[in-house]
Every structure is written in C-alpha cells, then in structure tokens.
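J.: just the structure for this:
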Amino acid sequence: MMEILGKIQGALVNKWTMGGSLLVVGVATLGGNLFGDVLNRVWFSMPLMGDVTILRLMGLLTTLLAVAVLTDGKFDPLDVQEEV
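T.: The predicted structure follows:
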C-alpha cells in the first residue's frame, strides 16, 4: 500500500507538476481580469509596463517561483533557494 502511495506522490509532487502549475497560475494572473476589482485596483502606471496592480504583482512573483522550480534553482530570480 505504501509503495502505491509513494508512486502517486512521486507523480503528483515533482519538479514538472509543481513548476508547471506555478507557471500556469503566474501567467494567467499576469494577464489579469480573472478576479474582482479589489485585486485589479491600479496602484500606479509605468510607460512600458502599463498598470501595476496587486494581481499582476502576485502573478509576477508566482511566475518567478515557477522559473526557480523548473530550473532546479540554477536560476533563482527571487533568491529563495536557501529558504527551501
């Protein structure tokens, strides 16, 4: 029984499923318009970036975490390797 659970866990919790899901959520969140007005409230605008909102900031952080997971920490934009 434990052997089967180990195989299921290995299939669900690995670099590709975790990194891929983080990447999908991060990119979808960066696109915006998925949630309510509270998360899409504009903090400020930048000429080349456009509007900066809480939702886009969360999407950027999630996308950067996905990059760190998918590259096995070789490229860690947020420098969180030591924390994990």
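
J.: nearest residue to the residue sitting nearest the centre point of the chain other than its sequence neighbours?
T.: For the chain, the residue nearest the mean C-alpha position is Thr62 (2.2 Å; Cα atoms, centre = their mean). Nearest residue to Thr62, sequence neighbours excluded (Cβ to Cβ, 6 or more residues apart in numbering): Gly26, at 3.5 Å. C-beta here means a position set from N, CA and C on the backbone, and glycine is covered the same way.

J.: residue contacts, that neighbour?
T.: Residues in contact with Gly26, defined by Cβ atoms under 8 Å, 6 or more residues apart in numbering, are 59-66.

J.: for the protein, just list every one of the helices.
T.: Applying DSSP state H to the chain gives helices spanning 2-12, 15-31, 54-70.

J.: helices or strands up against the last one?
T.: Meaning helix 54-70. Here helix 54-70 touches helix 15-31, going by 3 or more Cβ pairs under 8 Å, 6 or more residues apart in numbering; DSSP states H and E.

J.: in the helix or strand of the chain with the lowest mean pLDDT, what's buried?
T.: Lowest on mean pLDDT, DSSP states H and E among the helices and strands of the chain sits helix 2-12, with a mean of 71. Buried residues in helix 2-12, counting neighbours by 16 or more other Cβ atoms under 10 Å, are absent.

J.: which of the contacts of Gly26 count as buried?
T.: Buried by 16+ other Cβ under 10 Å: 59, 62-66, out of the contacts of Gly26.

J.: let me have these in a markdown table, extended by pLDDT.
T.: Conversion of the buried ones among the contacts of Gly26 to a markdown table gives the following (pLDDT from 0 to 100):
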| residue | pLDDT |
| --- | --- |
| Gly59 | 82 |
| Thr62 | 83 |
| Thr63 | 84 |
| Leu64 | 84 |
| Leu65 | 83 |
| Ala66 | 82 |
